[in-house]
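> Give me the fold of what follows.
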Amino acid sequence: MNSRLTVLIYRAETDEPCHWAIWIKDANAKSIVLQVGLNKDGYCVEEPIFRDPLLSKRIKHAVYCGTIPSGEQDLALSIIQNYPVNNESATWNCQAWIMEVLEGMEQTGLLHIAPGSRTTLGSMRQKV
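Coordinates of the predicted model:
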C-alpha cells in the first residue's frame, strides 16, 4: 500500500515565514516528519521525528501532496534526508527546500503528485 506525503505548515511565532515540514504516513499509520532546521553553520536536514504531527497545536495547515509507491518509502526517506540545503542564498528557507524536494521526487517517479497541490503550496509560500 502507498504512503501518503503531506506538507505541514506551522503557525509562525514571529514575523518570519511559517515553518514547513514533510509528513509521511505509511500503510501501517506510522508517521515520519522530515524538516530542515538551523544549526551554527546554517540550515541542515534534521533527524526524522517519529510521531503524529497532528498532536501539535502549532499546525496551521496540512496540504496533502500525493503518494509514494509501495516499497519505495525507504528510498524516498533517504533521498529527502540527503537532499541538499542552500546556505548561500539569503532568501532560501524550509519552504524552498520542500518545493525542491517535491519536484525532485516527482521527476524521479517517487512521488505521484496530487493534482493542484503544488499550486496550493505556491499560493501559501511566503517570501523572505
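> how about the CA coordinates for the biggest strand by length in the chain, as PDB?
Of all segments of type strand in the chain, defined using DSSP state E, the longest is strand 59-68. Output in PDB follows, covering the C-alpha atoms of strand 59-68 (Å, rounded to 0.1, in the frame of the first residue of the first chain):
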ATOM      1  CA  ILE A  59      -0.100  23.100  12.900                       C
ATOM      2  CA  LYS A  60      -1.800  25.800  10.800                       C
ATOM      3  CA  HIS A  61      -2.400  23.800   7.600                       C
ATOM      4  CA  ALA A  62      -1.800  20.300   6.300                       C
ATOM      5  CA  VAL A  63      -1.600  20.000   2.500                       C
ATOM      6  CA  TYR A  64      -1.900  16.500   1.000                       C
ATOM      7  CA  CYS A  65       0.600  16.300  -1.800                       C
ATOM      8  CA  GLY A  66       0.500  12.800  -3.100                       C
ATOM      9  CA  THR A  67       1.600   9.200  -2.600                       C
ATOM     10  CA  ILE A  68       4.900   7.300  -2.500                       C
END
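> Number the chain from 472, please
That works, and once the first residue is 472, the last one we named lands at strand 530-539.
> other SSEs contacting that strand?
Applying 3 or more Cβ pairs under 8 Å, 6 or more residues apart in numbering; DSSP states H and E, one finds that strand 530-539 contacts strand 474-481, helix 565-578, strand 583-584, helix 588-595. For glycine as for every other residue, the C-beta is placed from the backbone atoms N, C-alpha and C.
> Pull up the pairing partners for that strand, direction included.
The pairing partners recorded for strand 530-539 under DSSP bridges are strand 474-481 (antiparallel), strand 583-584 (antiparallel).
> Now do the longest one against helix 588-595, angle only.
With axes from the mean of the first three to the mean of the last three Cα atoms, to 10 degrees defining the directions, strand 474-481 sits at 10 degrees from helix 588-595.
> Run through who's touching strand 474-481.
489-498, 504, 524, 527, 529-539, 541, 544, 547, 569, 573, 582, 588, 592, 595 (Cβ atoms under 8 Å, 6 or more residues apart in numbering).
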